[in-house]
Each structure stands twice: as structure tokens, then as C-alpha cells.
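Chemist: here's my sequence, what's the structure:
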Amino acid sequence: MASARILGRDTVLKGDWISECGRAGYWISQTSTSTLTAIPSWLTITLESELGWFSDSNDTNLQSPDGSGYLSRVARAAANTAGAIVSFRFVADRPCVISTYFGGFNNVVREGSLTWLDMDGLTLDAVSESHTSGLWSRAVIDGEVRLRIVQLANPAFYVSGLFFDPWLPSSTGLSQGFFGHTVT
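Modeler: Here you go, the predicted model:
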């Protein structure tokens, strides 16, 4: 049976992800036709729909995978008009954590909703989010699920990258912290 549960959000970490998440892999969009990827064998990811790509040299807030600096002019799967939808499909053969980074710059408010669905379209978990300069959302998934991202208002609410980690539950059933920061 498919499952997805949102674990929390973080606006402190920004693009400094290397020591915090992505230990099993990542998906970082570079252009409308290429991505930097390291997908673990136990996970399949498909970008199902996107309504545009967004690129801006002002946004250099996501570390390059080798840690040598920060990526600039990174294109992302973008919901670029109010009501626009971006959809990813995941097939995980074991429970895992998906950390999604929504970039931001210029301190403008970006608003969107994240909905985790099973393949029949039933909502497993959902949240509306807003941020001004970068937002992480973390969820634990298992089986075949879909992440639907809807932009609620302008400007663009865009995905800079997806990062994958094994699920390591604690005795309470929740993962060990959220990037070392307070979960809100």
C-alpha cells in the first residue's frame, strides 16, 4: 500500500544541503532538458508535468553536488502562473525520505501547495506553504506516489531540487530531527 507523510519544513538551511540530506541521491534540474542526478536503485522518479522552466542568475543559493560552490542560472520545474501545476511520480521499493527544496531570492513571498497522492488520486497528505528566500519540505514515502505542487500566487513557486535519504525511524516513529533545525 502506498504511503506519504509530511514530516516538516525548514527555512533556515537554505541551499546548504550536502551534509544535511541527499545521502542516497538527488535530482537537480539544470536546463529544460538536463538534470544533475544520482538516483538510488530503490527509487524511480519521473517529472510528469511542468508548465515552464525558470532560470535566473540572481539565484545562486543551491550547493553544487560536489560541494565546490553554488549553482547559478539553475533552471527548475516551475509553476509559473497562479494555478499552475508541477507533478512528480515516485516509485519506492522501501520507505524513504524525499526532501524538496523550493528556491527563492529577492525576499518576495512565494506561495504554493504540496499534495502527496496515491496513484488513484487520493490525498495522503497536503500542506500550503509560503516563503521569501528558500524552503525545504520533507516527507517519508513508500510505494508508488505522486507529488503535486500548485502555485497559489505570483511570483513563481519553483523546485530547485529533490534529495533522497533512507528512512531511519526513531522509537517514536519520527525521523531523527529535521536538518538539525526546529520543525514548524
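Chemist: can you tell me the element the most centrally placed residue in the chain falls in?
Modeler: For the chain, residue 100 is the residue whose C-alpha lies nearest the centre (CA atoms, centre = their mean; 1.5 Å). Using DSSP states H and E, residue 100 maps to strand 85-102.
Chemist: returning to that earlier point: any idea what the residue nearest to the centre of the chain is bridged to?
Modeler: residue 137, residue 162 (DSSP bridges).
Chemist: my read: it touches residue 147, true?
Modeler: Yes. In this structure, residue 100 is within contact of residue 147 by CB atoms under 8 Å, at 7.3 Å. All C-beta atoms are positioned from the backbone trio N, CA, C, and that covers glycine.
Chemist: can I get stretch 9-24 in CSV? Just the C-alpha atoms.
Modeler: Taking Å, rounded to 0.1, in the frame of the first residue of the first chain, the C-alpha atoms of stretch 9-24 are listed here in CSV:
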residue,chain,number,x,y,z
ARG,A,9,9.6,22.3,6.9
ASP,A,10,12.8,24.3,7.2
THR,A,11,13.6,27.9,6.2
VAL,A,12,17.0,28.1,7.9
LEU,A,13,19.1,25.6,5.9
LYS,A,14,18.7,27.3,2.5
GLY,A,15,20.8,25.7,-0.2
ASP,A,16,23.5,24.2,2.0
TRP,A,17,22.2,20.6,1.7
ILE,A,18,25.3,18.4,1.3
SER,A,19,25.9,17.5,4.9
GLU,A,20,22.1,17.5,5.8
CYS,A,21,20.3,15.4,3.1
GLY,A,22,20.7,13.7,-0.2
ARG,A,23,22.9,11.0,1.2
ALA,A,24,21.3,8.4,-1.1
